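[1] Structure of the sequence below:
(one chain, ligands or ions: 2)
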Amino acid sequence: MRLVEIKEGRTLLLVPDFAEYARKGAYDPSRAQVFYNPKMEFSRDLAVLALKSYINEINRDVAVCDPLAGVGVRGIRYAKEVDGVEKSVVGDLNKEAIPIILENVKINDLGGKVEVEHKDANLLLATHSEPGKRFDFIDLDPFGTPVPFIDSAIRAIKNKGIIALTATDTAPLCGVYVKPCLRKYGAFPLRCEFCHEVGLRILIGSAVFASIREDFGVMVLLSYSVDHYFRAYLQLFLGAKKADASASLLGYLLYCQNCSWRDTVPLSGKIIASCPLCQKPLKRAGPLWCGSLVDRRFLQSMMEQDLSSLNTKRRIEKMLRLLIEESGMPPAYYSADLLSSKLKRGPPPVSLIIQRLKERGHVASPTHFNPKAFKTDAPLDIIMEVIKEA
Ligand SMILES: C[S@@+](CC[C@H](N)C(=O)[O-])C[C@H]1O[C@@H](n2cnc3c(N)ncnc32)[C@H](O)[C@@H]1O
Ligand SMILES: [Zn+2]
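    Ligands and ions are numbered 1, 2, ... in the order given. Sure thing, here's the model as predicted:
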């Protein structure tokens with residue numbers, strides 16, 4: 001396999017030659033014997049910042065693990081770019097990945113810091129499940145769903161450590177395919193105007209179910225949906241009471257396809273069958289995470305990091321600003337296009353809808369999920385009035 005040298009952040013990397021694995025003129029990462037996707041650099045840049053903020057907060061050295069590493073990019077970047085990473089364990093089951101990872105460790109002078117393992121991710125994590133061997137930060141970045149690795153990661157994480165997960169199986173999570181979502185996540189997805197938020201909340205919900213089984217409570221520090229994937233950073237806190245508190249934030253999302261009314265209900269709550277506004281039958285998504293999708297303080301700390309070495313700096317700044325603005329908003333965003341079409345008129349600018357909702361004393365914000373959507377605590381009749389006026 002021919003390799004080329006590239007640079008992400010401050011890290012040099014040997015990766016498969018893009019030209020050799022092109023389909024219709026564009027690089028197709030799935031064709032290369034060892035996986036590397038340049039389109040995920042934004043996700044990796046954010047991960048570097050998240051780890052920096054976490055280390056600032058806990059104020060000690062950490063051990064990290066990247067058990068599904070491809071060319072080793074995540075684990076190697078953590079060791080190279082984040083002060084306070086004492087050890088980075090990097091693994092992959094693909095034996096062709098191992099010499100490339102080793103070479104990438106060497107060209108970055110990380111000999112003593114990065115441990116490379118040719119192992120199944122679950123086995124690698126299991127060998128780190130006993131106290132004293134556990135990690136502070138585990139990055140699960142698989143093909144498709146992270147579900148097969150979540151239980152092992154939870155057993156290998158320290159108290160107050162972070163598990164970061166990527167899911168690229170967005171079609172099941174967004175309700176294009178219902179049965180695989182039920183099989184993998186134990187939840188019903190929903191094809192609706194806010195299906196990406198439902199998908200992200202189902203992903204987090206399934207990780208929270210796994211965490212509370214082990215008596216961990218969960219705080220979502222950062223989560224988002226972009227491009228073709230979902231990503232979440234979950235901090236785990238040991239304690240039955242903390243786990244109970246997280247369990248109380250699991251529930252269902254109820255939705256009326258006729259008038260767009262929606263609400264969340266906890267797992268133990270009463271599930272109503274028809275819409276309180278128009279009496280049409282309601283759809284139900286979940287179980288899913290009904291709690292906060294980000295921690296504003298954590299985002300602000302990420303924003304304060306030095307972004308100058310990151311190639312995706314602009315996009316990161318925009319995203320963090322948007323997520324900070326969106327934080328604290330109630331679940332389930334509204335599509336300006338859909339609501340306007342119900343009123344048989346063209347959609348007004350989202351910024352105008354937000355401004356008018358705020359003028360009426362409601363909270364309202366744009367959402368990173370969709371540039372043509374917004375979040376608010378205003379009731380639906382007020383939202384419709386505002387759209388009519390605007
Ligand atoms: C999406 S790629 C990882 C991409 C990489 N993290 C990055 O940012 O470029 C998933 C990787 O997991 C590896 N893999 C798949 N199943 C595995 C398993 N059970 N244990 C360890 N590695 C596995 C694949 O060989 C592949 O390199
Ligand atoms: Zn209704």
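
[2] Outline the domain layout of this structure.
    3-289, 333-390 (automatic domain parsing).

[3] Is ligand 1 within reach of the longest one?
    Same thing as domain 3-289. Yes - using Cβ under 6 Å from any ligand atom, domain 3-289 reaches ligand 1 at 35-37, 40, 44, 67-70, 73-74, 91-94, 97, 120-121, 141-143. Yep, even glycine has a C-beta here, placed from its N, CA and C like the rest.

[4] Of all the domains of the chain, which one is nearest residue 317?
    Closest to residue 317 of the domains of the chain, according to Cβ to Cβ: domain 3-289, at 10.7 Å.

[5] quick one: is that closest one near ligand 2?
    Yes - if you take Cβ under 5 Å from the ion as the test, domain 3-289 does meet ligand 2, through 256, 258, 259, 261, 275, 277, 278.

[6] which of the residues you listed lies closest to ligand 1?
    residue 256 (37.5 Å; Cβ to the nearest ligand atom).

[7] list the contacts for the closest one?
    Residues near residue 256 by Cβ atoms under 8 Å, 6 or more residues apart in numbering: 262, 275, 277, 278, 280, 282, 283.

[8] These, buried ones only, as a PyMOL selection?
    Only the buried entries of the contacts of residue 256 go into this PyMOL selection, using 16 or more other Cβ atoms under 10 Å:
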select buried, resi 262+275+282+283
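
[9] For the contacts of residue 256, give me JSON lines that also has secondary structure and pLDDT.
    JSON lines is the format used below for the contacts of residue 256 (DSSP: H, G, I helix; E, B strand; the rest coil; pLDDT from 0 to 100):
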{"residue": "262", "secondary structure": "strand", "pLDDT": "98"}
{"residue": "275", "secondary structure": "coil", "pLDDT": "98"}
{"residue": "277", "secondary structure": "coil", "pLDDT": "97"}
{"residue": "278", "secondary structure": "coil", "pLDDT": "97"}
{"residue": "280", "secondary structure": "coil", "pLDDT": "98"}
{"residue": "282", "secondary structure": "coil", "pLDDT": "98"}
{"residue": "283", "secondary structure": "strand", "pLDDT": "98"}
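
[10] Next, give me the two most distant ones among the contacts of residue 256.
    277 and 283 (14.3 Å).

[11] Any idea what the residue most central in space within the chain is bridged to?
    Residue closest to the average C-alpha location in the chain (Cα atoms, centre = their mean): residue 231, at 1.7 Å. On the basis of DSSP bridges, residue 231 is bridged to residue 166, residue 224.

[12] Strands of the stretch 101-250 of the chain, residue ranges please.
    Counting by DSSP state E, counting those that start in this stretch, the stretch 101-250 of the chain has strands at residues 114-117, 135-140, 157-167, 216-226, 229-238, 250-255.

[13] Show me what the worst-scoring helix or strand of the chain on mean pLDDT is packed against.
    Within the chain, no helix or strand scores below strand 22-23, which has a mean of 79 by mean pLDDT, DSSP states H and E. Of the remaining helices and strands, none touches strand 22-23 by 3 or more Cβ pairs under 8 Å, 6 or more residues apart in numbering; DSSP states H and E.

[14] Direction included, what does it pair up with?
    Strand 22-23 is paired, per DSSP bridges, with strand 26-27 (antiparallel).

[15] Other residues contacting the strand it pairs with?
    18, 19, 21, 38.

[16] Could you pull up the mean pLDDT of that strand?
    Strand 26-27 shows a mean pLDDT of 82.

[17] Double-check residue 301 against residue 55; I have them as touching.
    No - in this structure, residue 301 is not within contact of residue 55 by Cβ atoms under 8 Å, at 10.5 Å.

[18] mind showing which ranges of the stretch 251-390 of the chain have poor pLDDT?
    Within the stretch 251-390 of the chain, not a single segment meets pLDDT under 70.

[19] would you list every one of the helices in it?
    In the stretch 251-390 of the chain, the helices defined using DSSP state H, counting those that start in this stretch lie at 296-303, 313-326, 336-342, 350-359, 380-389.

[20] and the residue of the stretch 251-390 of the chain nearest ligand 1?
    residue 312 (13.6 Å).

[21] Now for that residue, how many residues are close by?
    Around residue 312 there are 18 other residues, counting by other Cβ atoms under 10 Å.

[22] Skipping its backbone neighbours, what lies nearest it in space?
    residue 42 (4.4 Å; Cβ to Cβ, 6 or more residues apart in numbering).

[23] What residue in the stretch 101-250 of the chain comes nearest to ligand 2?
    Closest residue of the stretch 101-250 of the chain to ligand 2, Cβ to the ion: residue 192 (12.6 Å).

[24] got the contact list for the residue nearest to that residue when sequence neighbours are not counted?
    Leaving out its chain neighbours, the residue that sits closest to residue 192 by Cβ to Cβ, 6+ apart is residue 255, at 5.6 Å. Residue 255 makes contact with 190, 192, 261, 262, 282, 283, 284, 285, 332, according to Cβ under 8 Å, 6+ apart.
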